[in-house]
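Asks: no letters, just coordinates:
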């Protein structure tokens, strides 16, 4: 489904991704692990089509994704529909006056009838337990509530691939547990989940595969999640724990 | 709820949304101009000249360019400036691109006047505009901006305004990043035809404003906690080294050529 | 709207720079009175905000894009005095570091976008607000304020451009700076602003205002504003006109620009000196210098008189309060 071939990315002269080769199949759930500034967030941005590689190839369902391809209006919209992205800072992701507007933003564009949109929004808000917040302004919410709103907005368009950047950050233990359950359910239903994280305790059993980045911005390990998490030497060597 | 666990059958509608890409471009270019400050090394002639001296020279040169009516003086100045630009360590391509774009735009603007006055005299304006844009760009690329704002003291800009400028530059970066991410979010969440583009963009601008207000309150508290009393003093260094004297000679040469031509 | 250098004569630039000094001083004083110290970071951040508004590309019919200036919006959100300082800082960053807008023309750009636009927009908004009581009316008021504010600023820019060819000509009668007379510059500037840019400005002003008000009412500026700065402008023009005559001593109309005078009435006569000043330029003589000097002195004297008037007005209003 997702294939990266020797991807490099740099901001001006600063390298953020160096020779990344990666293949992720449909339905997989993958954790991206690495020290701060190793390029995890950059990789997620690249996968979501916000930024484009400096070198290499990014294939999504066999189609090359680059700036030129994304100029095609219909293609880029289908692509964005299929890949949802939860930002590390959900505040940056919310731009509507109320939580309800935020979550209905996607479904409305999909051309659903008013009832269908309402159903989707109701489902999403209930799923995340934030129905009561529907009339609040997103910027006024607490960090956890904002994260849930952003996630509801992402889920409401029903993407096939969900990218999450440190989703556990800023959540209390109960919400962390809740999010884990939810992601598990989504994963079981066939969604592809790619998640940057360093919160190993709360994601146990969620991922089958872990990809470890070094601070040289390259992948140094691609193995089953459990074996990576238990490999203390590797994690310590790379300043992850 | 079952819809979430199934795949949608969905084909988006076509829409015109270049505005998001253009905004991204504008925000990124402003941010990269600011970020570039951190990587200015004090190596190379123009990089080593005293910032206050550079700033004053920019004012003087632009003043004389504005007064000049001599196309030969201006053209030789332009060529000299192009050479200076090519000697820059980086971004020379970008500077020339912007300057030629300004030149072309200005030419387009004054060209119809040729028919009004039956004379090409106004075409001198683009030549001047080109020189000005190159000069400002060279200043902005070879000097840290905080050194430039500090040098404004020499022309009696009050400290408090310099303080405002310094904060403005930092927050163009910080708030610009915020705006950029919101535009990104809008972009990747735009999967169909947007009906209320103006409302959405205005929401983002409004969010940037609300955030800026919150940030400024926090910033003031932080400043107060660290002992800020409302005084902001910055000192201008006007010690000159050998580069500065060479630079002064060059500027004097340019200005005196204005009188000779 | 950002006037680049070389379209206005240096003396025009000096006049507008000088005209801005009392406006800036008053703005700073007012801000200090309103919320001492606490506003300082807000002004810097407000400057960043007004810089960024201009980065937002808005879709226009036909697939192209345009951007708003935002000065009226900032004036409504932060108050006109803060807007004056914030927009000034934003314009300075643009002129000095991004090459957007001239350095000599900085005063003129500030006059249009950091003074005329926020103040006229704010006054229109606050006057209309009294007539439209409900919320919707407020949004309409902010739209009108943005629309008119931008167009007034554009009109001033057009006039600044348009007076150049009449005032500054070389020996052959060819223009030295902007070559287009008022008859060209006004329609060239005003038609696109009246039809398109003003609507964009109005929409952004009212939609952002509505959004901010909806989600966070307490952040909107709630100060009262005296109408005095409105008079600064009028006073500047009235005073500069006879002073120019004093410094000059020649008759009106010598330079064949009756239409300018009749149109504007206030064109500072001292500006005429710019002509001889520039025609003398090849052999830059002391006489050229002294004439500029005379002109600058007249401008400074004009400002001094404005200050005096303000002092008197202030004393009078103080007595009233007592």
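Replies: That came through fine. Note that the structure is predicted; figures quoted are calculated from it, not measured.

Asks: what mean pLDDT does the longest helix seen in chain B get?
Replies: Secondary structure of chain B per DSSP state H: the longest helix is helix B:159-189. Summarised as a single mean, pLDDT over helix B:159-189 is 90.

Asks: remind me what it packs against, helices and strands.
Replies: helix A:73-82, helix B:18-35, helix B:145-151, helix B:197-225, helix C:39-53, helix C:80-97 (3 or more Cβ pairs under 8 Å, 6 or more residues apart in numbering or on different chains; DSSP states H and E). Yep, even glycine has a C-beta here, placed from its N, CA and C like the rest.

Asks: and the second one, what's buried?
Replies: Right, helix B:18-35. Neighbour counts over helix B:18-35 (16 or more other Cβ atoms under 10 Å in any protein chain shown) mark B:19-24, B:26-28, B:30-31, B:33-34 as buried.

Asks: what about residue A:63, neighbour count?
Replies: Using other Cβ atoms under 10 Å in any protein chain shown, the number of residues around residue A:63 comes to 12.

Asks: for residue B:236, same thing?
Replies: Using other Cβ under 10 Å, residue B:236 is surrounded by 14 other residues.

Asks: same thing with residue A:172?
Replies: 11.

Asks: and what of the one 5 residues further on?
Replies: Taking other Cβ under 10 Å as the neighbour definition, residue A:177 ends up with a count of 12.

Asks: which ones are touching it?
Replies: By Cβ atoms under 8 Å, 6 or more residues apart in numbering or on different chains, the contact set of residue A:177 is residue A:202.

Asks: next, the buried residues of whatever helix or strand it lives in.
Replies: Residue A:177 belongs to helix A:173-188 when assigned by DSSP states H and E. Under the neighbour-count criterion of 16+ other Cβ under 10 Å, helix A:173-188 has A:175, A:176, A:178, A:179, A:180, A:182, A:183, A:186, A:187 buried.

Asks: on that earlier part again, mind checking how far the longest helix of chain B is from the chain centre?
Replies: For helix B:159-189, the separation from the chain centroid amounts to 14 Å (computed by Cα atoms, centre = their mean, to the nearest Å).

Asks: for it, buried residues please.
Replies: B:160-176, B:178-189.

Asks: so where do the helices sit in chain C?
Replies: C:10-34, C:39-53, C:71-78, C:80-97, C:106-110, C:117-131, C:135-162, C:164-167, C:182-192, C:198-215, C:228-248, C:258-264, C:273-279, C:286-321.

Asks: sorry, wrong one. I was asking about the stretch 1-150 of chain B.
Replies: B:18-35, B:45-48, B:51-67, B:71-87, B:92-110, B:113-117, B:124-142, B:145-151 (DSSP state H, counting those that start in this stretch).

Asks: show me the shaky parts of the stretch 1-150 of chain B.
Replies: Filtered on pLDDT under 70, the stretch 1-150 of chain B yields the residue ranges B:42.

Asks: mind doing that once more with 80?
Replies: B:1-2, B:15-17, B:38-44, B:89-91 (pLDDT under 80).

Asks: try chain A
Replies: Applying pLDDT under 80 to chain A flags the ranges A:11-13, A:241.

Asks: taking the stretch 151-261 of chain B, what residue is nearest to chain A?
Replies: Per Cβ to the nearest Cβ, residue B:192 is where the stretch 151-261 of chain B lies closest to chain A, at 3.0 Å.

Asks: okay, now the closest residue to that residue other than its chain neighbours: neighbour count?
Replies: Once flanking residues are discounted, residue B:192 sits nearest to residue A:109: 3.0 Å by Cβ to Cβ, 6 or more residues apart in numbering or on different chains. By the criterion of other Cβ under 10 Å, residue A:109 has 23 neighbours.

Asks: check residue B:107 too.
Replies: Look at residue B:107: counted by other Cβ under 10 Å, it has 16 neighbours.

Asks: now do the contacts for it.
Replies: Residue B:107 touches B:123, B:126, counting by Cβ under 8 Å, 6+ apart.
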